[in-house]
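K.L.:
got a predicted model here, sequence first, then my questions.
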Amino acid sequence: MPTEAEKEEAKTWVEKHSCPEWRDGWCMVDGSLIPLYARPYWYGESYFDRKSNYSLNVQVVSLPNLRIIDLGYGFTGSTHDASAWDHTRLKKEHERLLRPGEWVWADSAYPVRPHFVSLSTSF
């Protein structure tokens, strides 16, 4: 996890590039599908993703400067981002890692919670 100075730097960046009320959303999460060369032999269909590829789902939590601060991995391509997010350290320990009023930015694939702000990506 970032130091207090790194967290403050991220908050300052958010405030400068958006609006002061959003500064406490100092990190963001998104899932990425990592394509596999071929269908795995064991449980191959569980690796088949929504984009019709065989893949792994990796959850990446980063700061605005793109520094990765948490990573969830080991999920098949068919695993929904919201389910894979449940296994990250930030999700499991959010009460300890996030101060009151701080939250994580995400897209609409993730649930809305007090410590989690989901935005629709379709405008």
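P.N.:
Yep, that arrived. Numbers count the residues shown, from 1 in each chain.

K.L.:
for Tyr37, see how far away Ala84 is.
P.N.:
21 Å (C-beta to C-beta, to the nearest Å). (Each C-beta comes from the backbone N, C-alpha and C, glycine too.)

K.L.:
more crowded one of those two?
P.N.:
Ala84 (22 against 6; other C-beta atoms under 10 Å).

K.L.:
who's in contact with the more buried one?
P.N.:
Gly31, Asn57, Val58, Gln59, Gly72, Phe75 (C-beta atoms under 8 Å, 6 or more residues apart in numbering).

K.L.:
three-state assignment of it?
P.N.:
For Ala84, the assignment made with DSSP: H, G, I helix; E, B strand; the rest coil gives helix.

K.L.:
pLDDT wise, what is it at?
P.N.:
Ala84 is assigned 91 on the pLDDT scale.

K.L.:
follow-up on the earlier one: looking at the contacts of Ala84, which are in strands?
P.N.:
With strands taken from DSSP state E, the overlap with the contacts of Ala84 comprises Gly31, Asn57, Val58, Gln59, Gly72, Phe75.
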